[in-house]
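In: Provide a 3D model corresponding to the input given below.
(one chain, ligands or ions: 1)
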Amino acid sequence: MTSANTKRLQVAICGAGIGGLTFALALSRYPDIDIEIYESARALTEVGAGIGIFPRPWKVIKMLGLEADLLQVTETAIVDGPVSGFRYRKSDQYEGKDFFTLVTQGSLMLFHRADYQQTLLNHLPKRCRTHCSKRLRSYTQRQSGPIELSFEDGTIASCDVLVGADGVKSAVRAGVLGEKARWAKGEGRWKEAAEILQHVDPIWSGANAYRALIPAQKLQAIAPNHQVLHTPGVQYLGKQGYILAYRISGGKFVNLVAFVVQHHLENTTFNGPWMSTVDVSAFSSTFTHWEPDVQILLSCVEKPMQWAIHTVRPMQSFVSGRVALLGDAAHSMTPHQGSGAGQAIEDACILAAVLGHPSTDRTNVAQRALRVYDSIRCPYAYRVMEASRINGRYFTLRLDEDGTIDIDKLPPKQQWEYLQRLGHAIVKNWEWTWTTSIDTALQEALRMLEG
Ligand SMILES: Cc1cc2nc3c(=O)[nH]c(=O)nc-3n(C[C@H](O)[C@H](O)[C@H](O)COP(=O)(O)OP(=O)(O)OC[C@H]3O[C@@H](n4cnc5c(N)ncnc54)[C@H](O)[C@@H]3O)c2cc1C
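Out: Residues are numbered from 1 along each chain as shown. Take a look at the predicted model:
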């Protein structure tokens, strides 16, 4: 880092995904904090796919001054009151059945990821220096003095605070857990040390996501009345998986994600690449008997990307000394609530507020600011993670954990009642995003810090 010791704090951010960049932007509001971003990729790019941001994290986006620019790249209008969102259908049969519409309090904002990332980059001040091709290998922190960062290219850097925003395979998380395990071993707590180290490797959720962007014109030409073209979005549900489709980029593309879910393989090891370009045949067999609307969508898919959905085991803390985790590095969750990035955005907001607070400096940051961040964000993000896991079950038409009730064996009236119960359960599981507020969390963080 260049401006050694002239700033109140020198913060290094490892990873320039949505979490790292949002955090950098939030922290850049404090001119006496030095910010360096280290990213392993050669350039900052985003996957060609959509992203939805729910009302709670949207508040943060508004606070960061991104709202006006983001509204230029979405069809979604901001509504503060009740707004009809995705429609839910039972689709694993020839005649699909609409059974519920998700009504949220406040809009679910839908974007192309690249547009979202570009907006963040446009707002990021130059003083947040981004270093690409810098893959962190490990770090070393002592009781006092700077934290030393070692990169795969043999270079080193230092900082007062290290923020690991380096995604599900986080090197920083491995470092944090390694430190905690060493301390436990040092005190003779061998079993605990072994348990801590089990959290390093991510685990497969049993689900694979197949993502594709369909040009809306292509769908329009085949099926001008297709419901995805005329609604905020549709979720086609079945027992083996589900498909989510909604328009992005001002209606130019349809974002399609097909999930193939094998609940019995949850928490096992996935064999094969976590991310790869595949052929439609890699997943279409799951959906062959589904309703015609689904077949039309699948006929439009070209070169889908397969993502093996991995999560992390919940840890006791996101923090070790002056090192903190954020986003997927801390709480990689299934995407069934569309909230992983939203939670990274919330982390960014709270962490920036406590680090930026005028009372925080390099001597007290570990004991005060990072502890406050941890106590606010760790339990909350893990609750969302669990809610997301439960949604994954609901979206495969299972109300109970074991899937003991086979919906297809129920008589029509009971099946309809079951679907209604399912719809209500989905809303109940999701309502935290509009019944709770990031403002409350922020106030609580500042109260704890000042108290
Ligand atoms: C199919 C699918 C759909 C989703 N839909 C939604 C949605 O609608 N809404 C939502 O909120 N969330 C959604 N998510 C979740 C969301 O994409 C993630 O939670 C979010 O992108 C995490 O951001 P992040 O910055 O924490 O991590 P990442 O985006 O993984 O970024 C990590 C960055 O760190 C870099 N990096 C990694 N290792 C190192 C290293 N050692 N040194 C330096 N840099 C490193 C990486 O190159 C990367 O740029 C979805 C996820 C999936 C898979």
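In: Low-confidence regions, the stretch 151-300 of the chain specifically.
Out: By pLDDT under 70, the stretch 151-300 of the chain has no low-scoring segment.
In: Return the residues of this structure in contact with the ligand.
Out: Applying CB under 6 Å from any ligand atom, one finds that the chain approaches the ligand through 14-20, 38-41, 51-52, 134-136, 165-167, 171, 209, 211, 257, 307, 309, 327-328, 335, 338-342, 344. Backbone N, C-alpha and C define where each C-beta goes, glycine included.
In: can we see that at 5 Å?
Out: Taking CB under 5 Å from any ligand atom as the contact definition, the chain meets the ligand at 14-15, 17-19, 39-41, 51-52, 135-136, 166-167, 171, 209, 307, 327-328, 335, 338-342, 344.
In: Can you turn the buried part of those residues into a ChimeraX selection?
Out: Restricted to buried positions by 16 or more other CB atoms under 10 Å, the ChimeraX selection for the residues of the chain next to the ligand reads:
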select :14,15,17,18,19,39,40,51,52,136,166,167,171,209,307,327,328,335,338,339,340,341,342,344
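In: Okay, and which of the residues of the chain next to the ligand map to strands?
Out: When DSSP state E is applied, those are split such that 14, 51-52, 136, 209, 307 fall in strands.
In: quick one: contacts of stretch 431-446?
Out: Applying CB atoms under 8 Å, 6 or more residues apart in numbering, the set of residues contacting stretch 431-446 from outside is 54-57, 59-60, 104-106, 339, 342, 346, 349-350, 353-354, 357, 372-373, 376-377, 380, 383-384, 387.
In: what's the farthest-apart pair in the ones in strands among the residues of the chain next to the ligand?
Out: Greatest spatial distance in those: Gly52 and Leu136, 29.6 Å, computed using CB to CB.
In: Without its sequence neighbours, what residue ends up closest to Gly233?
Out: Tyr246 (3.1 Å; CB to CB, 6 or more residues apart in numbering).
In: next one: phi and psi at the one you found?
Out: phi -150, psi 160 (degrees, to the nearest 10).
In: residues near it, how many?
Out: 23 (other CB atoms under 10 Å).
In: for Ala194, same thing?
Out: When neighbours are counted by other CB under 10 Å, Ala194 registers 12.
In: SS state for it?
Out: The three-state assignment at Ala194 reads helix, by DSSP: H, G, I helix; E, B strand; the rest coil.
In: Now do the same contact list for it.
Out: Ala181.
In: any idea how far it lies from the ligand?
Out: Note on Ala194: its distance to the ligand, by CB to the nearest ligand atom, to the nearest Å, is 24 Å.
In: and if you look at Tyr394?
Out: From Tyr394 over to the ligand (counting by CB to the nearest ligand atom), the distance is 16 Å.
In: Tell me the helices and strands packed up against the longest helix along the chain.
Out: Looking across the chain with DSSP state H, the single longest helix is helix 369-394. Using 3 or more CB pairs under 8 Å, 6 or more residues apart in numbering; DSSP states H and E, the elements in contact with helix 369-394 are strand 203-215, strand 319-320, strand 323-325, helix 328-331, helix 340-356, helix 412-430, helix 432-435, helix 438-450.
In: Which of those has the lowest mean pLDDT?
Out: Note on those: helix 432-435 shows the lowest mean pLDDT, a mean of 92.
In: Which positions within that one qualify as buried?
Out: Neighbour-count burial for helix 432-435 [16+ other CB under 10 Å]: 432-434.
In: Could you check how far it is from the centre of its chain?
Out: Put simply, helix 432-435 sits 17 Å off its chain's centre (CA atoms, centre = their mean, to the nearest Å).
In: Kindly report the same for stretch 293-311.
Out: Distance of stretch 293-311 from the chain centroid (CA atoms, centre = their mean) equals 19 Å.
In: Okay, now that stretch: how far is its last residue from its first?
Out: Stretch 293-311 has its terminal residues 31 Å apart, counting by CA to CA, to the nearest Å.
In: re the thing from before, distance to Lys97 added to the helices and strands packed on helix 369-394, as CSV?
Out: Converted to CSV, the helices and strands packed on helix 369-394 look like this (distance: least, CB to CB, whole Å):
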stretch, distance to Lys97
strand 203-215, 23
strand 319-320, 47
strand 323-325, 43
helix 328-331, 35
helix 340-356, 30
helix 412-430, 7
helix 432-435, 27
helix 438-450, 36
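In: secondary structure class for Val47?
Out: Per three-state DSSP, Val47 ends up coil.
In: Next, the contact list for it, please.
Out: 113, 211, 305.
In: redo that, cut-off 7 Å
Out: Counting by CB atoms under 7 Å, 6 or more residues apart in numbering, Val47 touches Arg113.
In: From Val301, how far off is it?
Out: Applying CB to CB, to the nearest Å, the value for Val47 to Val301 is 16 Å.
In: burial count for Ala157?
Out: 20.
In: quick one: secondary structure of it?
Out: Ala157 - assigned by three-state DSSP - is strand.
In: middle-most residue in this protein, spatially?
Out: Against the mean C-alpha coordinate of the chain, by CA atoms, centre = their mean, the closest residue is Gly340 at 1.7 Å.
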